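Asker: Structure for the following, please:
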Amino acid sequence: MGLFDAPEPVGVEIKGHELHCVICRHNRFHRHKIRLDRAGLFTSEWSDPMAVSYECANCAYLHWFMPQ
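Answerer: A predicted model of the protein is given here:
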């Protein structure tokens, strides 16, 4: 998928709460799945090597979440 093929940003709900960017308070995001071992972040055998990030469609700040 190229840069201009990206899906439209969406609203996100986390545990019953609408997500708003901590920087600009925008409420639309692009979702990304990230393999933590590929991102160069520490992982161990007991941790899940995947995380989800929501990139603010306004300021591009990344909000990271670990799967539960």
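Asker: Looking at the residue sitting nearest the centre point of the chain now. What's its pLDDT?
Answerer: Most central in the chain under Cα atoms, centre = their mean is S53, positioned 1.4 Å from the mean C-alpha point. pLDDT, S53: 94.
Asker: any idea whether it is helix, strand or coil?
Answerer: Of the three states, S53 takes strand under DSSP: H, G, I helix; E, B strand; the rest coil.
Asker: quick one: contacts for it?
Answerer: Applying Cβ atoms under 8 Å, 6 or more residues apart in numbering, we find S53 in contact with R31, H32, I34, L62, H63, W64, F65. From N, CA and C alone the C-beta is placed, and that goes for glycine too.
Asker: can you confirm the first one is in a strand?
Answerer: Spelled out, that is R31. Yes: the assignment for R31 (three-state DSSP) places it in a strand.
Asker: That one: neighbouring residues, count only.
Answerer: Residues within reach of R31, counting by other Cβ atoms under 10 Å, total 12.
Asker: hey, what's it bridged with?
Answerer: Beta bridges link R31 to Y54 when assigned by DSSP bridges.
Asker: Same question for the fourth one.
Answerer: On the basis of DSSP bridges, L62 takes part in beta bridges with E55.
Asker: Can you read off the pLDDT for E45?
Answerer: 57.
Asker: Now restrict the contacts of S53 to buried residues only.
Answerer: If you count burial by 16 or more other Cβ atoms under 10 Å, the buried members of these come out as H63.
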